[in-house]
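sequence unavailable; structure follows:
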C-alpha cells in the first residue's frame, strides 16, 4: 500500500512540474547557519503591466508550494512544506522586488537516538522521533530577471524570511532565514 501511495505522489509531482510556470531552487539558511535547500513550484495568479514611455513595469501575484529541508547540526533535520502567496515587481532593466506570506507545516527529526517510556517502566526506541509544528511567515527580497533584456528565462534572487514556529515547548520560536537561489521560468 505504501508503494502505491508513493507512486501516485510521484506522478502528481511530475504533473505539477509540467504545468508550473516557474520552478525554484535555492540555498536556505535557517538561523543563517543551519544550512539546507528549498525547492518549489510557482504559478502566476494575475499579472499586469504599466507602460511608462518606452519601457514597462510588471506586477505579478503568484502562488507557490515549497519544500524546504535544513540541518541543525547535532540536533535535528527540519522539513517545511509551505504554500506561499507572493507579489513580484519587475522593473525596466529586470530588477525585481518581491514579498510573500506563507503558512507552513514543520517537522523536525532528531539526529540522535530517541526513546520513550513503555508500560513496563523500560524504554523503547522511537524511529524518526521529532516534533510537528505550524510555521507561518513573511519574506521580502530582491533579484534580477534575465528574461527582460535577454533570452535567459531565469531569475536570480535573495530573500529574508521571518517565521514563527508554534508550538515550540510551551510557547513559540522565531525562525529567521536567508534564501538565495534561482527561479527557472517556463514560458509555455
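Happy to help now that I have it. Note that the coordinates shown come from a computational prediction; the quantities given were computed from them, not determined experimentally.

so, low pLDDT: which residues of this protein?
For the chain, the stretches with pLDDT under 70 are 1-3, 6, 9-20, 187-188.

all strands for it, in order.
All strands of the chain, identified by DSSP state E, fall at 22-30, 34-52, 55-72, 76-90, 95-102, 105-110, 114-117, 123-126, 132-134, 137-145, 154-168, 171-185.

for residue 7, which of these is the nearest?
strand 55-72 (18.5 Å; CB to CB). Backbone N, C-alpha and C define where each C-beta goes, glycine included.

okay, buried residues for that closest one please.
The neighbour-count check on strand 55-72 (16 or more other CB atoms under 10 Å) flags 58, 60, 62, 64-66, 68, 70, 72 as buried.

how far out from the middle of the chain is that strand?
Strand 55-72 sits 8 Å away from the centroid of its parent chain (CA atoms, centre = their mean, to the nearest Å).

what pairs with that strand, and is each one parallel or antiparallel?
Strand pairing for strand 55-72, using DSSP bridges, gives strand 34-52 (antiparallel), strand 76-90 (antiparallel).

what's the first-to-last distance across stretch 102-116?
One end of stretch 102-116 to the other measures 34 Å (CA to CA, to the nearest Å).

what about the strands of the chain, which gets the closest to residue 5?
strand 76-90 (16.2 Å).

any buried residues in the closest one, and which?
76-80, 82, 84, 86, 88, 90.

could you find the closest non-adjacent residue to residue 96?
Counting by CB to CB, 6 or more residues apart in numbering, residue 143 is the residue found nearest to residue 96 once chain neighbours are left out, at 4.7 Å.

reformat the strands paired with strand 55-72 as TSV; add distance to residue 109.
Formatted as TSV, the strands paired with strand 55-72 follow (distance: least, CB to CB, whole Å):
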stretch	distance to residue 109
strand 34-52	13
strand 76-90	5
